[in-house]
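In: fold the stuff below for me.
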Amino acid sequence: MTKVKSTLLASCVGNFLALSAMSLSAEPVKWDFSDEYGGNQSGMTYIASQYCIAEVEKLAGEDIDLTYQGGGVLGFKSADHFDAVQDGSVQSAITLLTQLSGVDPIFNLSSIPFIANSPEQAYQLWQVARPEYEKIFEENNMLLLWALPNAPSGIHARQPITSVEALEGLRIRTYDKNGTDTLKAAGAAPLQIAWSDLPPQLSTGGVDAVLTSADGGKQLALWDYEVKDFTEVNYAMALFVAHVNKDAFEDLSSKAQSALLDTVNKCDEYNWQMMQEKMTSPYSAMQENGMKITADEDVPAEVFERLREAAGSIKNNWLSQAGDRGNKILADFDKIRN
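Out: A predicted model of the protein is given here:
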């Protein structure tokens, strides 16, 4: 082979390899974004996740391809997400924070009953507690991104909760230990049940009532299970959070990393606005399907007194478990709350 031919061949091979490398580098990194909830496209976690994914991809261009996996299709419940994202079984997820109380009791904060009495207070509590949350995720190979507050929880039941007697022995689904302990102390018979496991429990009469938001009730069409009333009790605004695997994050391009971080505040702002809209917007669909809305002003004071009395021990127990960290968070929250 002549020197000229050798040079041409080497040049062609080099160009081919360079083009191949460019082609490979142009392929976006593919991530899954897991959600136990969000099986319905009008649900809060679905809407929040789709909005934030779109915002990230606007900034990241083709450097990352995020696929939303809602309705638990990947087989993970919220309680599984901490370990699944930590070890890279899935790159990212949106998780009901209070489901992680077994990891650290600090995660039960947002579901302490009646601790935040408005969306503004729920946001302030998130900002005060956020550094502590971030530290725990960081220590476990994850990054915490944005939060989504659930609309205030109420009680979906076969009858209005307008007396203390209506609580007695009520077989009610709860979503975490705080709710279970509170309602048990109030005289009910609560069962902690994952969202995806709830329909069969309702179908077989395992529970007669559900502690969740109006939006949650609409997503599950609770009226199909002979649940005819939603009683506003403004119980809690539990947080969902988005978190990502740290190793997977560090493998991203700097452009994709910046996109994930630069959209955090925008997602928080969007999510809080959506939550306020979702507090009452499901009411029309619920009423069209035969449900009655029992407003909080129609709930006798004795019912709230029973629930608040039951909730008092929950806050004290949380403080004893969270220690100095919990005391500092609540002290800082009291300084800024509206």
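
In: next one: the longest helix seen in the chain to chain centre, how far?
Out: Criterion DSSP state H: the longest helix present in the chain is helix 301-336. The gap between where helix 301-336 is centred and where its chain is centred comes out at 21 Å by Cα atoms, centre = their mean, to the nearest Å.

In: average pLDDT for that helix?
Out: Per-residue pLDDT over helix 301-336 has a mean of 95.

In: list the buried ones in that helix?
Out: Judged by neighbour count (16 or more other Cβ atoms under 10 Å), helix 301-336 contains these buried residues: 303, 306-307, 310-311, 314-315, 317-319, 322, 325-326, 329-330, 333. Heads up, the C-betas are built off the backbone N, CA and C, glycines and all.

In: closest one of those residues to residue 246?
Out: Nearest to residue 246 among the buried residues of helix 301-336 is residue 325, at 22.0 Å by Cβ to Cβ.

In: quick check: next helix or strand after the lowest-mean-pLDDT helix or strand in the chain?
Out: Of all helical and strand segments in the chain, the minimum by mean pLDDT, DSSP states H and E falls on helix 3-26, at a mean of 47. Proceeding N to C from helix 3-26, the next assigned helix or strand is strand 29-35, under DSSP states H and E.

In: and that following strand, what does it pack against?
Out: In this structure, strand 29-35 makes packing contacts with helix 44-60, strand 64-69, helix 78-86, strand 92-96, judged by 3 or more Cβ pairs under 8 Å, 6 or more residues apart in numbering; DSSP states H and E.

In: tell me what the longest helix of the chain is packed against?
Out: So helix 301-336, by 3+ Cβ pairs under 8 Å, 6+ apart, packs with helix 119-139, helix 164-167, helix 177-185.

In: nearest to residue 291, out of those helices?
Out: helix 164-167 (16.3 Å).

In: what separates the helix or strand just after that closest one from the chain centre, distance-wise?
Out: Going down the chain from helix 164-167, the next helix or strand is strand 171-174, by DSSP H and E. Counting by Cα atoms, centre = their mean, strand 171-174 is centred 19 Å from the centre of its parent chain.

In: highest mean neighbour count out of the helices and strands packed on strand 29-35?
Out: Counting by mean count of other Cβ atoms under 10 Å, strand 92-96 has the highest mean neighbour count of those, with a mean of 27.

In: could you chop this protein up by domain?
Out: For the chain, the structural domains run 28-151+237-278, 154-236+282-336, going by automatic domain parsing.

In: can you give me the end-to-end span of the longest one?
Out: Pointing back at domain 28-151+237-278 there. 34 Å (Cα to Cα, to the nearest Å).

In: any idea which element the most centrally placed residue in the chain lies in?
Out: Geometric centre of the chain, nearest residue: residue 240, 2.0 Å, by Cα atoms, centre = their mean. Using DSSP H and E, residue 240 maps to strand 239-245.

In: how far does the next helix or strand after that strand sit from its chain's centre?
Out: Next helix or strand after strand 239-245 toward the C-terminus (DSSP H and E): helix 246-250. How far helix 246-250 lies from its chain's middle: 21 Å, per Cα atoms, centre = their mean.

In: same deal with stretch 168-175?
Out: The answer for stretch 168-175 is 22 Å, by Cα atoms, centre = their mean.

In: using CSV, write out every CA atom in that stretch.
Out: C-alpha atoms of stretch 168-175 as CSV (Å, rounded to 0.1, in the frame of the first residue of the first chain):
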residue,chain,number,x,y,z
GLU,A,168,-66.1,6.1,66.5
GLY,A,169,-65.1,2.8,65.0
LEU,A,170,-64.8,4.3,61.5
ARG,A,171,-62.8,2.0,59.3
ILE,A,172,-60.7,4.6,57.5
ARG,A,173,-57.7,4.4,55.2
THR,A,174,-54.7,6.5,56.2
TYR,A,175,-51.5,7.2,54.3
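
In: list the buried ones in that stretch?
Out: Buried residues in stretch 168-175, defined by neighbour count with 16+ other Cβ under 10 Å: 170, 172-175.

In: just those residues now: which is nearest residue 45?
Out: When the buried residues of stretch 168-175 are compared against residue 45 (criterion: Cβ to Cβ), the nearest one is residue 175, at 13.2 Å.

In: pretty sure that closest one contacts residue 212?
Out: Yes. Using Cβ atoms under 8 Å, residue 175 is in contact with residue 212, at 6.9 Å.

In: sorry, back to before: now, of the domains of the chain, which is deepest in the fold?
Out: domain 28-151+237-278 (a mean of 20).

In: ok, back up a step: closest one to residue 34 among the helices and strands packed on helix 301-336?
Out: So among the helices and strands packed on helix 301-336, helix 119-139 is nearest, using Cβ to Cβ, at 15.4 Å.
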